[in-house]
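Colleague: could you look at this predicted model? Sequence included:
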Amino acid sequence: MHIPSYLMKSGGFMSRYIFKRLIISLLTVWILVTAVFLLIRVLPGDPFTSEKMTPEIKANMMKYYGFDRPLYEQYGKYIMNLLKGDLGNSLKYHNMRVNDIIAQTFPYSADLGIRALLFALIAGLCLGINAALKMGKFWDYFCITLAIIGVSVPDFILGSLLQYVFALQLKWFPVARWLGFKYTILPVFGLSLYTVALITRLIRVSMLDVINQDYITTAEAKGLSTFQIIWRHQIRNAILPIVTVMGPITAAVLTGTFVIEMIFAVPGMGKFYVQGIHDLDYSLILGMTVFYGVFLVAANFIVDIIYGFVDPRIRITGK
Amino acid sequence: MNKPVDINWDDSSLFEKIERDKSQLNVVVRPSLTYWQDAWIRLSKNKIALLCLGILLLVILLSIVGPYMTPYDFKSNDPDATDLLPNLQHWFGTDSLGRDLWERIWMGGRVSLAIGFAVTILNTMIGMVIGGISGYFGGKLDMFIMRIIDVLYGIPTIIVAILVMMVLDSGIASLIIAMVAIGWIGSARFIRGQILQLKNLEFILAARTLGASSTRIIAIHLIPNIMGLIITNLAMAIPNAIFTEAFLSYIGLGIQSPATSWGQLARQGAMAFRAYPYQLFIPAFFVSITMLTLNLLGDGLRDALDPRQRGRNK
Amino acid sequence: MSRLIEINDLEVGFKTYGGEVQAVRGVSFYIEQGECIAVVGESGCGKSVTAKALLKLIPEPPGKIKSGSILFEGNDIIAYSKKQMQQIRGAEVSMIFQDPMTSLNPTMLIERQIGEVIAKHQKASRKQVYDRVIEIMKLVGIPNPEKRIKQYPHEFSGGMRQRVMIAIAMACNPKLLIADEPTTALDVTIQAQILELMKGLQEKFSTSIMLITHDLGVVASMAQRVLVFYAGKIVESSDVNEVFNNPKHPYTVGLLKSMPTLGIANKEMLATIDGTPPDLFKSPVGCSFMPRCEKAMRICKMAEPPMLDINETHQAACWLNHEKAPRYN
């Protein structure tokens, strides 16, 4: 279907598109929240079995946390609390609200994640564009090799390997913790290599695809210089597909923080999340999963909208 | 350019009309190959892909026969032989409980590979059925399925897998369920997209105009045309599944000791790796090499099976 | 009239998996100032490759201009550097392509796509470039240019996009316009409009046009001279009238016979030329058209025919035109 831009810009299609994506995103969050709630409630055992307490105290605890109420009541209360932005209390860290734990730990994860994302974008773009321009030469093979290794080595292995070689053996960087720039290098690198590799591969293929397009021949026939052709016509079109993988990339970086934060003892959310899994700290996992879920859905939503704006060809149907 | 030929210009027969063999006129000179023959020739010319196939088959073979090659058992502890470096008795050394790592690597390989293949094949099959129905029949059914997929697509697979693993007992079956739970959505979307694209191509319209039945169109035209892409996607998705299993086991949600998988071995190795790095690096090596060969093989398959991608990596 | 461009013995090859394809095998011709020359022939006969070679737009590798000379206003541009070529492209010689759907950058405003060729070749301020873009858009018949200039290619119809392509090509008043099947991808009614536009522009600016087509109807309405390509060579070169009334190569005859005309009787089958063009992996011995030729002779198997003069403006590469050959009517 052909949609002229004056229709899109007059608010018709674009705002309908945004509205549609918004509804879908909200439904996604709702399904996730409900699924999380139900799954947690059918978990075998309960969070207090592992601790030494009398049935009486246990009953009190159950009552305190509202586990004795009917399921729909718990659900209703949970949703109400969520709407108020309250994720409940941690079971393990008594008296600590999940909100507080997230507020305390999220900045570290965000710091790590944003650094990794930025590094991945810059490095991936440079490597991918270079590889495509030097197609078939040494630099190209170098980038392809790096990229294929990057997508093949799991981040938890890469993290340990980096720690072993550069911190324990060579002692160039601190082994763990998050106290300054020097501490960030290994975790950021370990977290971002997969994404660097992904972007490199994507950009390379997309650049080579664009090189063969007719409009590049048109640009050549205009007498533009090689630099002008590459910069104005090739790169601009080749980096568009990046936007489409930003959602999955954000998810990959986010799950990567779970293990990277464990390995390098970064006091971020991922570390607490994995710890929560061990401790069967249901409220914490529930709260953090909801937080992650909303975060990723929001990220995807923003990416969709951005894509709608950057690609003038975007067709609302079938997207 | 042609070599100049000595021509006797006085020869009057030079300008006599000759009879030509018309039957040869419309014969195509070069032999034509079927899609699969062509793909096989391309793949067999790709040395890297062949090497990867070889390594992969070796890893699979060792996962089958490896455990029978030493007298040890992957479960039995030996308090007198803990944390041994690789040696002649224990080819990959032993772990902190004195279990032979050669045994555990290959028993773990069985689990990791089985999960990787099973999850990917299940995802693809479910995706083919749902995506195929949605794309081919279209209309309200397609709308309905796509809305559900749109909503579910936003949920990260790994978070669902984590949640499912918390509910189910750890084990191979649970891991497969956890990873298939919404893992099929990607392939359903992909296959639907392919079917939609093909459905409107001229040759399908032509077949329909000539009165071909739906079954015939699906069997003769649609499936053969997307098979190459499906196989390529399959090869590309297996390393992801192997990674997800390793990731879940690594954070303590997958396979639990004494049962083992590469992810579980990496987890145990990570706990001891400052003192005994080989305990992490050996399973890490096999996870990585398997993912690497599968990725490269997937690239090779894509080049061989998808004519549109040809030349891009050359 | 003086010769604007003269091509001598041009050879272009492409390296492929199966070996080297000889796409253009020794082509010589010239274009005079202000004239429209038509190049006809079936797909893969080397006409597009020749056109791209004139601007040195052959992707290298796999392609390569192997020998020959291209004299533009007397200077051999084969030896020109990349920079020198860039000054010619778009300014002196410009080109429009077959498919207007893919020939425009989908993510760039029309203003920029037309404007950048002006900015490249002329010293002009932003305002001057803008004014010139509007002017040229009016010239090529794009209605409402002030609004259309701020749009993207996907908002234009096929015919309008080809007008944009022509605007880009004509923006710097080039001396030669190469049009590679400019109307093939368009509706018949739009085809006529585009041809009309090109004809008008040619008359107005006395631009030379090299028109590549396989539509003989287009040839008759536009061109003064015709080059017939077959298997990487020119097999007939002549005035447009001569080609239609007195074709001297069996291939040209075949092309003319396979053209539907209004006068043709209903029962008569449209003639076709049997067979397919030769594989250009190896140069054929003898005449490359021989296997498909109704009138093939012994000599045709033995030697490739040279261009033989029919009269001053008409040459054909066929042994039938040799003095000793039998005469057909």
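Modeller: Yep, that arrived.

Colleague: apart from its chain neighbours, what residue comes closest to A:Ala221?
Modeller: Distance criterion Cβ to Cβ, 6 or more residues apart in numbering or on different chains; nearest residue to A:Ala221, sequence neighbours excluded, is C:Met95 at 4.4 Å. The way it works is simple: take the backbone N, C-alpha and C, and place the C-beta from them, glycine included.

Colleague: burial count for the one you found?
Modeller: Other residues near C:Met95 come to 28 when the count uses other Cβ atoms under 10 Å in any protein chain shown.

Colleague: quick check, it in a strand?
Modeller: Yes - according to DSSP: H, G, I helix; E, B strand; the rest coil, C:Met95 belongs to a strand.

Colleague: and it, what does it touch?
Modeller: A:Ala221, C:Ala51, C:Lys52, C:Leu55, C:Leu57, C:Arg89, C:Ala169, C:Leu177, C:Ile178, C:Ala179, C:Asp180 (Cβ atoms under 8 Å, 6 or more residues apart in numbering or on different chains).

Colleague: just checking, which of the residues you listed belong to helices?
Modeller: A:Ala221, C:Ala51, C:Lys52, C:Ala169 (DSSP state H).

Colleague: may I have the secondary structure class of the nearest residue to C:Ser206 once chain neighbours are set aside?
Modeller: The shortest distance from C:Ser206 to any non-neighbouring residue, by Cβ to Cβ, 6+ apart, is to C:Gly34 (4.1 Å). What three-state DSSP gives for C:Gly34 is coil.

Colleague: how about C:Gly34, what does it touch?
Modeller: Per Cβ under 8 Å, 6+ apart, neighbours of C:Gly34: C:Met1, C:Gln202, C:Ser206, C:Thr207, C:Ser208.

Colleague: wait, the second one touches C:Glu196, no?
Modeller: No - the pair C:Gln202 / C:Glu196 is not scored as a contact, 10.8 Å apart, by Cβ atoms under 8 Å.

Colleague: which one's more surrounded, these two?
Modeller: Ranked by neighbour count (other Cβ under 10 Å), C:Gln202 and C:Glu196 place C:Gln202 first, with 19 against 13.

Colleague: which strand or helix spans the more buried one?
Modeller: In the assignment (DSSP states H and E), C:Gln202 maps to helix C:188-205.

Colleague: need the contact partners of that helix.
Modeller: C:34, C:36, C:139-141, C:158-159, C:162-163, C:166, C:170, C:173, C:177, C:179, C:182-183, C:186, C:207, C:209, C:211, C:218, C:221-222.

Colleague: check stretch B:47-55 too.
Modeller: By Cβ under 8 Å, 6+ apart, stretch B:47-55 touches B:Leu43, B:Ser44, B:Ile289, B:Leu292, B:Thr293, B:Leu294, B:Leu296, B:Leu297, B:Asp299, B:Gly300, B:Leu301, B:Ala304.

Colleague: now, these that are in helices?
Modeller: Cross-referencing the contacts of stretch B:47-55 against helices under DSSP H gives B:Leu43, B:Ser44, B:Ile289, B:Leu292, B:Thr293, B:Leu294, B:Leu296, B:Leu297, B:Asp299, B:Gly300, B:Leu301, B:Ala304.

Colleague: touching, the last one and B:Trp36? I think so.
Modeller: Looking back up the chat, that one is B:Ala304. No - using Cβ under 8 Å, B:Ala304 is not in contact with B:Trp36; the gap is 9.7 Å.

Colleague: part of a strand, is C:Lys15?
Modeller: Yes - assigned with three-state DSSP, C:Lys15 falls within a strand.

Colleague: skip the chain neighbours and tell me the closest residue to it.
Modeller: Per Cβ to Cβ, 6+ apart, closest to C:Lys15 is C:Pro62, 4.4 Å.

Colleague: before we move on, what about C:His314?
Modeller: Nearest to C:His314 is C:Ser238, by Cβ to Cβ, 6+ apart, at 3.9 Å.

Colleague: likewise B:Gly109?
Modeller: Nearest to B:Gly109 is B:Ser63, by Cβ to Cβ, 6+ apart, at 3.7 Å.

Colleague: tell me the secondary structure at that neighbour.
Modeller: Quick answer, by three-state DSSP: B:Ser63 is helix.

Colleague: residues contacting it?
Modeller: B:Ser63 is in contact with B:Trp106, B:Gly109, B:Arg110, B:Leu113, counting by Cβ under 8 Å, 6+ apart.

Colleague: repeat that for 10 Å
Modeller: Shown here is B:Ser63, whose contacts under the criterion Cβ atoms under 10 Å, 6 or more residues apart in numbering or on different chains are B:Ile105, B:Trp106, B:Met107, B:Gly108, B:Gly109, B:Arg110, B:Val111, B:Ser112, B:Leu113, B:Ala114, B:Phe286, B:Thr290.

Colleague: what's the answer for C:Val27, then?
Modeller: Here C:Val27 is in contact with C:7-12, C:39, C:46-47, C:49-50, C:53, C:68, C:227, C:229, C:232-234 (Cβ under 10 Å, 6+ apart).

Colleague: and the pLDDT at C:Val226?
Modeller: C:Val226 is assigned a predicted lDDT (pLDDT) of 91.

Colleague: can you pull the phi and psi angles for it?
Modeller: phi -130, psi 140 (degrees, to the nearest 10).

Colleague: what separates B:Leu248 from A:Ile260, distance-wise?
Modeller: Distance of B:Leu248 to A:Ile260, given as Cβ to Cβ, to the nearest Å: 16 Å.

Colleague: more neighbours: the two, which one.
Modeller: Per other Cβ under 10 Å, whichever of B:Leu248 and A:Ile260 has more neighbours is A:Ile260, with 30 against 27.

Colleague: what about the more buried one, helix or strand, and which?
Modeller: Using DSSP H and E, A:Ile260 sits within helix A:240-263.

Colleague: where's that helix relative to the chain centroid, distance-wise?
Modeller: Here helix A:240-263 is found 4 Å from its chain centre; the criterion is Cα atoms, centre = their mean, to the nearest Å.

Colleague: is chain C contacted by that helix?
Modeller: Yes - applying Cβ under 10 Å from any Cβ of the partner chain, one finds helix A:240-263 in contact with chain C at A:Leu240.

Colleague: around chain B, pick out the residues from the stretch 101-250 of chain A.
Modeller: So far as Cβ under 10 Å from any Cβ goes, the stretch 101-250 of chain A lies against chain B at A:132, A:135-136, A:140, A:144, A:147-149, A:151-161, A:163-165, A:168-169, A:175, A:194, A:197, A:201, A:204-209, A:211-212, A:247-248, A:250.

Colleague: B:Ala304 and B:Trp36: which has the busier surroundings?
Modeller: Between B:Ala304 and B:Trp36, counted using other Cβ under 10 Å, B:Ala304 has the larger neighbour count: 24 against 13.

Colleague: before we move on, back to that, got any residues that touch both of B:Ala304 and B:Trp36?
Modeller: Counting by Cβ under 10 Å, 6+ apart, the residues touching both B:Ala304 and B:Trp36 are B:Gly228.

Colleague: residues near the residue lying closest to A:Trp139 once chain neighbours are set aside, how many?
Modeller: Distances taken as Cβ to Cβ, 6+ apart place A:Asn130 nearest to A:Trp139, at 5.9 Å, with adjacent residues excluded. Here the count is done by other Cβ under 10 Å, and A:Asn130 has 17 residues near it.

Colleague: do the same with A:Leu168
Modeller: Using other Cβ under 10 Å, A:Leu168 is surrounded by 15 other residues.

Colleague: I appreciate the help and will end here.
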